[in-house]
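Trainee: Return atomic coordinates for the entry below.
(chains A, B, C and D)
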Number of protein chains: 2
Amino acid sequence: MRADAVRNRARILEAANEAFAAEGLGVPIDVIAQRAGVGVGTMYRHFPTKEALGAAILTTKVEALIAEADRLVAEADDPGAALEEYLAAILTEGTACSALAGAFSEAGYDLKSAAPNLEPQMTAALGRLLERAQEAGVVRPEVRPTDLLALIGAACMVTGRPDRDAEAGPRLLAVVTAGLRSPAGG
Amino acid sequence: MRADAVRNRARILEAANEAFAAEGLGVPIDVIAQRAGVGVGTMYRHFPTKEALGAAILTTKVEALIAEADRLVAEADDPGAALEEYLAAILTEGTACSALAGAFSEAGYDLKSAAPNLEPQMTAALGRLLERAQEAGVVRPEVRPTDLLALIGAACMVTGRPDRDAEAGPRLLAVVTAGLRSPAGG
DNA sequence: TACTATACGGAACGTAGGTTCCGTTTGTCA
DNA sequence: TGACAAACGGAACCTACGTTCCGTATAGTA
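Mentor: Numbering: from 1, shown residues only, chains lettered A, B, ... in the order given. Predicted coordinates for the structure are as follows:
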């Protein structure tokens, strides 16, 4: 791949990432191209459709989150604390991510077919952390990974809104982690 | 207002309500008009924009939820139970509602300016129930009405998705209500 | 430095969908 | 029942946006 192609691809990803996160999917391709300093033709050579561009961004982010989950599974001692730490990490990194995924599915783009094994992988990674916490008896046994994704997604969305106070994320996180605890164990 | 106008307005609201809830905002105006059995011109005489149509639907639903909150404040004895009952009611009625609101705001429509006092009213209604529960010492004092809206909104969205299991809503609700309880009280 | 494949830019295209306009229909009232 | 205002239907309009195409520029190489 030519040097300028590599550079432009990176620029496009960065510009699209910021644009989608800040303004949602409505941002036209031309605008993203302009902000990235390239022409629309260049956009389409790197990403054949808008959907593909979104999938590329999501993949990058989710893969980082999956890696973080694997790290925690391997290194952390306290399963309950590891899960909470991971939820906090998702809250930090996942705000744009969750908004993006929601926006795409809302707009009728089929990200599942564009990046088919993304959600399963993410669910599986979270599932490993969740399972360990459940085995340790600190988290309700009936909770499923997808439930957690939904709840933490809600916290992400709230945090992402410009009109919301900065403490909302942590506050929601506290409610969720408290709610996860096994009723008996307290 | 002429009789046929009243009839058509109701038909439009019903058709739009079903269409938005089932297929999201992507549904074109012509399609909604067709399903309602009217022409597009009629649509636009009743609702000057698509945004106004969405606002009208949301308003109807949210007003019903607000009335329910007021009823619970007036009638319920146990503040904690009343709050939980209300959250369950939102989960039942609000699934389409929350999806709709999210979809509109995602698509760049400014529902806040179209129906400016809707969210404040809803927040206030929920706030009255929340406050009573907090005064009774059964709910964490730092939780705010908007937090609750976000969490229950997440549960609504999950429940609304076709690929999700039917028990997800109640399960999430259980996590949320457990998380709300004052740490000391258990 | 000359040559070539690769990549670039942006004008032009096609389409989808929101909105407007106006001739026709219909409810209402005397 | 006749007149009139209110409401209707849907063709036409217009804008916005995703996508394609092709002439031009440029990185890599001998």
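
Trainee: what about the longest helix along chain A, near DNA strand C?
Mentor: For chain A, the helix reaching the highest residue count under DSSP state H is reported as helix A:79-106. No: if you take Cβ under 7 Å from any atom of the strand as the test, helix A:79-106 misses DNA strand C, and the best it gets is 13.4 Å. No exception for glycine: its C-beta is placed from N, CA and C like everyone else's.

Trainee: Give me the helices and strands touching that helix, please.
Mentor: Where contact means 3 or more Cβ pairs under 8 Å, 6 or more residues apart in numbering or on different chains; DSSP states H and E, helix A:79-106 is packed against helix A:3-23, helix A:50-75, helix A:111-114, helix A:118-135, helix A:145-160, helix A:168-180, helix B:79-106.

Trainee: For chain A, what lies in contact range of DNA strand C?
Mentor: A:1-2, A:4-5, A:8, A:37-42, A:44-46.

Trainee: Please identify the deepest-packed of the helices and strands packed on helix A:79-106.
Mentor: helix A:145-160 (a mean of 23; mean count of other Cβ atoms under 10 Å in any protein chain shown).

Trainee: which residues touch it?
Mentor: Contact with helix A:145-160 is made by A:21, A:87, A:90-91, A:94-99, A:102, A:122-124, A:126-127, A:130, A:164, A:168-169, A:172-173, A:176, A:180, B:146-147, B:150-151, B:153-155, B:157-158, B:164, B:168, B:171-172, B:175-176, as judged by Cβ atoms under 8 Å, 6 or more residues apart in numbering or on different chains.

Trainee: Repeat that for stretch A:93-106.
Mentor: A:17, A:20-21, A:24-25, A:51, A:54, A:57-58, A:61-62, A:64-65, A:111, A:152-153, A:156-157, A:159-160, B:24-25, B:102-103, B:106-107.

Trainee: Quick check: residues of chain A near DNA strand D?
Mentor: Where chain A comes near DNA strand D, counting by Cβ under 7 Å from any atom of the strand, the residues are A:2-4, A:26, A:28-30, A:40-41, A:44, A:48-51.

Trainee: Looking at those residues, spot the one nearest chain B.
Mentor: Of all these, A:Gly26 has the smallest distance to chain B: 4.6 Å, by Cβ to the nearest Cβ.
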